Structure formats: C-alpha cells, structure tokens
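>>> Here is my input; please provide its structure:
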Amino acid sequence: MIAAQGGPEVLEYVERPDPTPGDGEVVIDVAASGVNFLDIYHRSGAYPLQLPAVIGSEGAGIVSAVGSGVREVAVGDTVAWAGVLGSYADKAVVPADQVVPVPEGVPADLAAAVMLQGMTAHYLTHSTHEVKPGETVLVHAGAGGMGQLLIQIAKLRGAKVIATTSSEAKEKLAREAGADEVLHYDDFAEALGGQVDVVYDGVGATTFDGGLKVLRPRGLMALYGAASGPVPPVDPQRLNAAGSVFLTRPKLADYIADRDELLGRTSDLFGWIAAGELKVNVHQRYPLAEAARAQEDLAARRTTGKLLLIP
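Below you'll find the predicted structure:
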C-alpha cells in the first residue's frame with residue numbers, strides 16, 4: 001500500500017485484516033496481479049489518489065466470499081478483473097459486475113496478465129481502429145508486454161505489422177510475436193514515409209512526432225500511453241498538415257463501459273489463449289513484497305514482457 005505518493009520507496013508491504021465483501025462485491029484470493037505503468041502513475045502522483053491506498057488494477061484468483069445480491073459468480077470460481085484498485089494484495093475486494101469468468105484451459109496467472117494490456121490491445125484493434133486485412137500497422141515498443149499482444153492481435157486480423165524496438169534482443173522478440181518488419185526508434189519515420197494506416201503509440205514524447213509523419217492521409221494515431229513522458233500540447237493544424245489525420249487518446253474504461261463489452265473482449269482473449277493463437281510472454285514473476293523492484297524494472301525498460309506479482 002501507499003500512504004503518500006512518490007518514488008518506489010513509498011510502497012509498503014503491510015499486514016491488514018482480511019476484507020469482507022459488501023453488497024454486490026466479492027472477495028478474491030489473488031493468484032497473480034499485473035504490474036503496469038498505470039500503477040506507477042498512481043504511486044508517483046501523476047494520477048491523484050485518495051490516500052492511504054492499495055494500488056494495482058488487475059489480477060486473477062479464486063472467489064472466497066460473496067456479498068449479498070451477487071449473482072454473477074460463486075465461491076470457488078476462478079475470475080479475473082481490471083480497472084479496480086487494490087490488486088497488490090493477497091485478497092482483493094472487487095465489484096461482482098466487474099469480474100469475468102476464467103475458463104478451464106487458461107491459467108489464472110495468464111488471465112491476470114492480459115486483463116489490462118490484452119483488453120487494451122483488443123479495443124485498439126477492434127474499436128478505436130478496426131484493423132482490416134492488408135492494412136499497415138505500426139506498433140511502438142514491440143518487445144514489451146503490450147507491444148507483443150498488439151502485434152499478435154493485429155496479425156490475427158490480417159494486417160502487415162511494423163514494430164519499433166531499441167535493441168537487437170528486443171527486435172528478436174518482436175519478430176517472434178509476428179512483426180513483419182522491425183525498426184529502431186531513431187529511423188522509423190524516415191524509413192516509413194507516409195504509408196501507415198494506424199500508429200499504436202504507448203511511448204509518447206519521443207515517438208509522437210515521428211508517428212504523425214508516417215501516417216497516410218486520413219490515418220489514425222492512437223496514443224494510449226506515455227512511457228517516455230507526456231506529449232506536449234498539439235496544435236490541431238498539425239493534423240491538417242499531416243494529411244487530415246486523426247488523433248485519439250483512448251482509455252480502457254470507455255471501451256468496457258458495459259458488462260457485455262467487458263465479457264466480449266475477455267471471451268476473445270481467453271479463447272485465443274486456450275487455442276494457442278495468442279501467446280502471453282510473462283517476463284518475470286515477483287513476490288508481492290517486491291512490488292517496488294517490479295515497478296523499477298518496468299520504468300527502466302529492463303523488461304520485455306508482462307510482469308506479475310505473486311502473493
């Protein structure tokens with residue numbers, strides 16, 4: 001938990017009484033919780049929080065208690081969730097209408113690993129821009145957990161996928177995920193010209209300008225993160241000059257606005273995992289007590305896949 005926002009040192013591993021579910025809530029024995037840049041933003045103060053707070057916004061585990069009025073799940077069910085604070089814990093309290101069933105054939109830790117990143121990759125490729133066969137897609141940070149999922153899902157939809165990475169080792173991972181071409185950050189704009197239908201950018205400040213340059217007329221830039229820092233304010237005339245291009249800054253909550261949408265996205269993801277069509281690269285599993293180290297590794301870009309905390 002955190003009692004103040006700041007550096008990794010504000011994360012504390014503490015003992016607390018076991019929670020009880022309120023009306024419409026369930027208590028889940030956490031099998032794994034995901035580590036994301038969102039957690040770093042919550043910890044650092046980039047996103048304000050009411051303190052003290054237990055951070056972490058995704059996980060999976062087994063329901064151990066249900067509150068009154070719960071119909072969606074029962075004690076003993078394996079479920080996953082995203083977008084609910086409190087996941088860096090042994091036991092998490094989650095509204096029942098925000099948990100999804102995890103089918104047999106999908107390990108709980110892999111379910112936890114794809115809730116935030118997997119659903120983000122799903123809405124980016126199915127809703128923000130519906131990727132079509134033959135389109136050209138640019139995925140920044142193609143070796144990261146999010147990048148690898150985006151590459152695979154875009155390929156499932158029939159796109160040509162170009163990825164950016166920062167090293168030969170990361171290039172290998174992006175190609176293993178299915179990227180047709182891999183470029184380095186310093187030369188991607190010059191190499192691609194204006195041929196890209198959609199740019200998926202979770203890097204932000206250092207890649208944004210180049211991303212606008214590579215879009216075809218009426219192409220789309222989906223800026224979904226800022227790993228290298230926030231993008232400065234943009235003059236709308238730049239979108240005109242780039243060829244009447246589109247710019248959006250989406251967030252997951254707006255793309256799982258109702259339960260049907262939530263269940264539809266997770267059903268696709270879990271189905272692909274069970275069928276072997278979507279591979280989840282878990283880079284490292286950390287003990288829950290080492291959450292600070294996990295966040296430091298993520299922020300320093302020492303990782304090439306998903307990071308999980310295991311209670």
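>>> A294 reaches S33, doesn't it?
No - judged on C-beta atoms under 8 Å, A294 makes no contact with S33 at a distance of 10.0 Å. (Each C-beta comes from the backbone N, C-alpha and C, glycine too.)
>>> anything in contact with each of these two?
Counting by C-beta atoms under 8 Å, 6 or more residues apart in numbering, the shared contacts of A294 and S33 are L309.
>>> neighbour count winner among the two?
Legend: neighbour count by other C-beta atoms under 10 Å for A294 and S33, higher for S33 (32 against 25).
>>> for that one, which residues make a bridge with it?
G59, L309 (DSSP bridges).
>>> Strands of the stretch 151-300 of the chain, residue ranges please.
Ranges of strands within the stretch 151-300 of the chain are 160-165, 181-184, 196-201, 215-223, 246-248, 282-287, based on DSSP state E, counting those that start in this stretch.
>>> Make a markdown table out of these and add distance to V102 and mean neighbour count.
Below are the strands of the stretch 151-300 of the chain laid out as a markdown table (distance: least, C-beta to C-beta, whole Å; neighbours: other C-beta atoms under 10 Å):
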| stretch | distance to V102 | mean neighbour count |
| --- | --- | --- |
| strand 160-165 | 28 | 26 |
| strand 181-184 | 33 | 18 |
| strand 196-201 | 26 | 26 |
| strand 215-223 | 28 | 19 |
| strand 246-248 | 30 | 16 |
| strand 282-287 | 16 | 16 |
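>>> Can you check which of those gets nearest to L173?
Of all the strands of the stretch 151-300 of the chain, it is strand 160-165 that lies closest to L173, at 7.6 Å by C-beta to C-beta.
>>> mind listing what T125 touches?
Residues counted as contacts of T125 (C-beta under 8 Å, 6+ apart) are 131, 150, 153-154, 157.
>>> Which residue is the nearest non-sequential neighbour of L11?
Spatial nearest neighbour of L11, chain neighbours left out: A292 (4.5 Å); criterion: C-beta to C-beta, 6 or more residues apart in numbering.
>>> The one you found touches G6, doesn't it?
No - here A292 does not reach G6: they are 11.2 Å apart, not a contact under C-beta under 8 Å.
>>> Those two: who's more crowded?
Using other C-beta under 10 Å, the more surrounded residue of A292 and G6 is A292, with 17 against 12.
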